[in-house]
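**Student:** Let me see the structure of the following:
(2 chains)
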Amino acid sequence: MSIKKEIAIEDILDDFSRVSELLLLQLKRLKDVINSGEIMTSTDILSIFKKNEKDIDKYEMKISEKVINTIVLYNPLASDLRKIIAIYNMTLNIERIGDLIINIIKSARTIGNIKLFEKSRNSLYKILKYSTNLVQNAILSFINSDIAAAIDTIKMDKFDDELNQLILEKAVKKGKSTTDIEKLLLSFVSLRSIVSNIERIADHAVNIAEATVYALEGTDIRHKRV
Amino acid sequence: MEDTLMIKEEPVITFKNPVLLMEDLSVSYTEDALAVDNVSAGVKRNSITAIMGPSGCGKSTLLRAINRMHELYPNIKITGRIYLNNKDITSMNPILLRRKIGMVFQSPNPFPTMNIYDNVIAGFKLNGVRLKKIEKDEIVETSLREVALWDEVKDSLFKRGTFLSGGQQQRLCIARALAYKPDVILMDEPTSALDPVATSKIEDLLVKLKENFTIILVTHNMAQAARISDYSMFMYLGKLIEYGKTKNLFTRPVNKKTEEYLTGKFG
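**Tutor:** Purely as a prediction, here's the structure:
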């Protein structure tokens, strides 16, 4: 192999590892702040998350540029080509997950009813933990070249709609007066937004796992049943 | 996971009604080593097929076997069969065979003592085929137009072929091969002696020519194979390791050796 090509591909892999670590750290912090309730009480929580989010965005641009340069300059073929195309694809998904994390925090800040949030906190934590595990498994399946793990991740994405319903029911049941119901519904909309964003994190985890399958086997299984 | 998700293609593609078919072909120059080892493959009509592999893998030997050029070498042993349009090539007159299977070599080799006009119809002259002037004119113009050389040389047809640039000389050699309206054109690294601009012109020409001819091309240049070929063969130590659609072979090769060659682990 050309030394320069090898170095270029290793460089891309290193950057991918770093941006993956950053994302997993963001997800862990998000779980912590939801679990502790800090998401509702802390005033500077958004700025803390935004700092890492900016780094994720920078990595996305850096990796994209390196992938394009490697293709133009070194003409990678076969598994080398699939690997860097898969990394490009996965990085886009990682960047979007980063955006979704920020959206979750912003939505949480608009929940007027803290009691409602408290009642839903465990459910939210549960579904976030589920989605985070999917993301982690998907990323690790690529790093460890583990196609079985990638397929398992894809199969696991049967997001629990019952949890979503539970949150909805709890929200509506609590309302007594019309004003109460209005406030609750507004808070519910924010809660629903959080849940949707968490669901989309799981979707992006599946995209990452599908990119792993492509990198390792050369087969595009997007939009196919597994 | 279901097997249908993982499309494991056969390493060697097969075609219905191939223009050329090789069956169990082996070629050896010495007793103890096979330069081409038991190759079986068909070539699709009106396509460009690239033969790739590291130096000494048997690519050029395979190519020369197709139009029986090996008969010009002493002590060579060939087993197996090659069919051109379902006809065994050993049953054909070799001169006639080489009209139907033309060859273009690495270094442009227009006949130095002939002018451009005579170079194009050299095959007819050398084989004693008599043509009327009007027939010769038509063959020359048609062949030179096919290689996009007519406009460049129409006013200097009676100048020596060696007067042309490298790229023009190579196009002249292709025109010479086309004059006989062959079924197949064999090319052994046809652009390796040319500059990038001339190479690009030849590559564009080949893509155009495949509408009417079948082209088999030996190349060391993987990028070239990727750019212009429809199908690619990978050979190693005389064996045909993998053969399939170029885009598949280059993105997801089936055989580990092919993968290693494409990713530069050897070659």
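
**Student:** Check the offset of the host helix or strand of residue A:152 from the chain's centre.
**Tutor:** Assigned by DSSP states H and E, residue A:152 belongs to helix A:147-156. Here the centre of helix A:147-156 is set off from its chain's centre by 16 Å, with Cα atoms, centre = their mean, to the nearest Å.

**Student:** Same check on stretch A:19-37?
**Tutor:** Computed by Cα atoms, centre = their mean, the chain-centroid distance of stretch A:19-37 equals 10 Å.

**Student:** Same question for stretch A:131-142.
**Tutor:** 9 Å.

**Student:** neighbouring contacts of that stretch?
**Tutor:** Applying Cβ atoms under 8 Å, 6 or more residues apart in numbering or on different chains, the external contacts of stretch A:131-142 come out as A:20, A:23-24, A:27-28, A:30-31, A:86, A:90, A:97, A:146-147, A:149-150, A:152-153, A:156-157, A:198-199, A:201-202, A:204-206, A:208-209, A:211-212, A:215. The C-beta positions use only the backbone N, C-alpha and C, and glycine is treated the same way.

**Student:** Let's see it as CSV, backbone CA atoms only.
**Tutor:** Output of stretch A:131-142 as CSV, limited to C-alpha atoms (Å, rounded to 0.1, in the frame of the first residue of the first chain):
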residue,chain,number,x,y,z
SER,A,131,-31.0,5.1,22.1
THR,A,132,-27.6,5.8,23.6
ASN,A,133,-26.8,2.1,23.7
LEU,A,134,-27.8,1.8,20.1
VAL,A,135,-25.4,4.6,19.1
GLN,A,136,-22.6,3.1,21.2
ASN,A,137,-23.1,-0.4,19.8
ALA,A,138,-23.2,0.9,16.2
ILE,A,139,-20.0,2.9,16.6
LEU,A,140,-18.2,0.0,18.3
SER,A,141,-19.3,-2.4,15.6
PHE,A,142,-17.4,-0.3,13.1
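
**Student:** Let me know how buried residue 79 is, in neighbour terms.
**Tutor:** Using chain A. A count of nearby residues for residue A:79, using other Cβ atoms under 10 Å in any protein chain shown, gives 20.

**Student:** actually it's chain B I care about, not the one you picked
**Tutor:** 12.

**Student:** quick one: strands adjacent to the strand or helix carrying it?
**Tutor:** Secondary-structure element containing residue B:79, defined by DSSP H and E: strand B:77-84. The sheet places strand B:77-84 alongside strand B:20-28 (antiparallel), strand B:87-88 (antiparallel), with pairing taken from DSSP bridges.

**Student:** possible to save those strands as TSV with distance to residue B:124 and mean pLDDT?
**Tutor:** Rendered in TSV, the data for the strands paired with strand B:77-84 read as follows (distance: least, Cβ to Cβ, whole Å; pLDDT from 0 to 100):
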stretch	distance to residue B:124	mean pLDDT
strand B:20-28	24	96
strand B:87-88	23	96
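
**Student:** Name the stretch among the ones you listed that sits most buried.
**Tutor:** Among the strands paired with strand B:77-84, judged by mean count of other Cβ atoms under 10 Å in any protein chain shown, the one packed with the most neighbours on average is strand B:20-28 (a mean of 19).

**Student:** if we look at the strand holding residue B:79, which residues are touching it?
**Tutor:** Under Cβ under 8 Å, 6+ apart, the answer for strand B:77-84 is B:19-28, B:38-40, B:65-66, B:70, B:88-90, B:92, B:97, B:100-101, B:183-184.

**Student:** try it again with 6 Å
**Tutor:** Among residues not part of strand B:77-84, those counted as contacts by Cβ atoms under 6 Å, 6 or more residues apart in numbering or on different chains are B:20, B:21, B:22, B:23, B:24, B:25, B:26, B:27, B:28, B:88, B:89.

**Student:** Same question for the helix or strand where residue A:184 lies: list its buried residues.
**Tutor:** Following DSSP H and E, one finds residue A:184 within helix A:178-217. Judged by neighbour count (16 or more other Cβ atoms under 10 Å in any protein chain shown), helix A:178-217 contains these buried residues: A:183-184, A:187-188, A:190-195, A:197-217.

**Student:** Could you name the helices and strands sitting against it?
**Tutor:** Packing contacts for helix A:178-217, counted by 3 or more Cβ pairs under 6 Å, 6 or more residues apart in numbering or on different chains; DSSP states H and E, involve helix A:78-109, helix A:114-143, helix A:147-156, helix A:161-173.

**Student:** ok, back up a step: pipe the strands paired with strand B:77-84 into a markdown table and attach distance to residue A:142 per row.
**Tutor:** Output for the strands paired with strand B:77-84, formatted as a markdown table (distance: least, Cβ to Cβ, whole Å):
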| stretch | distance to residue A:142 |
| --- | --- |
| strand B:20-28 | 41 |
| strand B:87-88 | 52 |
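
**Student:** So which of these is nearest residue B:224?
**Tutor:** Distance to residue B:224, taken as Cβ to Cβ, is lowest for strand B:20-28 among the strands paired with strand B:77-84, at 21.1 Å.

**Student:** so how far is that closest one off the chain centroid?
**Tutor:** Between the centre of strand B:20-28 and the centre of its chain there are 16 Å (Cα atoms, centre = their mean).

**Student:** For that strand, which outside residues touch it?
**Tutor:** Defining contact as Cβ under 6 Å, 6+ apart, one finds that strand B:20-28 is touched by B:34-43, B:61, B:65, B:77-84, B:184.

**Student:** Now restrict those to buried residues only.
**Tutor:** For these, buried by 16+ other Cβ under 10 Å: B:34-37, B:39, B:41-43, B:61, B:65, B:78, B:82-84, B:184.

**Student:** Helix, strand, or coil at residue B:235?
**Tutor:** strand (DSSP: H, G, I helix; E, B strand; the rest coil).

**Student:** Setting aside sequence neighbours, what's the nearest residue to it?
**Tutor:** Nearest-residue entry for residue B:235: residue B:53, 3.9 Å, with adjacent residues in sequence omitted and distances by Cβ to Cβ, 6 or more residues apart in numbering or on different chains.

**Student:** Quick check: the residue of the stretch 151-267 of chain B nearest chain A.
**Tutor:** Of the stretch 151-267 of chain B, the residue with the smallest distance to chain A, taken as Cβ to the nearest Cβ, is residue B:252 at 2.7 Å.

**Student:** What's the local residue count around that residue?
**Tutor:** Using other Cβ under 10 Å, residue B:252 has 21 other residues around it.

**Student:** Looks like it contacts residue A:219 (just checking).
**Tutor:** No: the pair residue B:252 and residue A:219 fails to qualify as a contact (Cβ atoms under 6 Å) at a distance of 7.6 Å.

**Student:** Going by distance to chain A, which of the buried ones among the contacts of strand B:20-28 wins?
**Tutor:** Using Cβ to the nearest Cβ, residue B:41 is the member of these that sits closest to chain A, with 20.9 Å.

**Student:** ok, residue B:245 - how many residues close by?
**Tutor:** Once other Cβ under 10 Å is used to define contacts, residue B:245 is seen to have 14 neighbours.

**Student:** Now the phi/psi pair for the residue nearest to it when sequence neighbours are not counted, please.
**Tutor:** Ranked by Cβ to Cβ, 6+ apart and with sequence neighbours excluded, the top spatial neighbour of residue B:245 is residue B:231, at 6.0 Å. When quoted as degrees, to the nearest 10, the phi and psi of residue B:231 stand at phi -130, psi 150.
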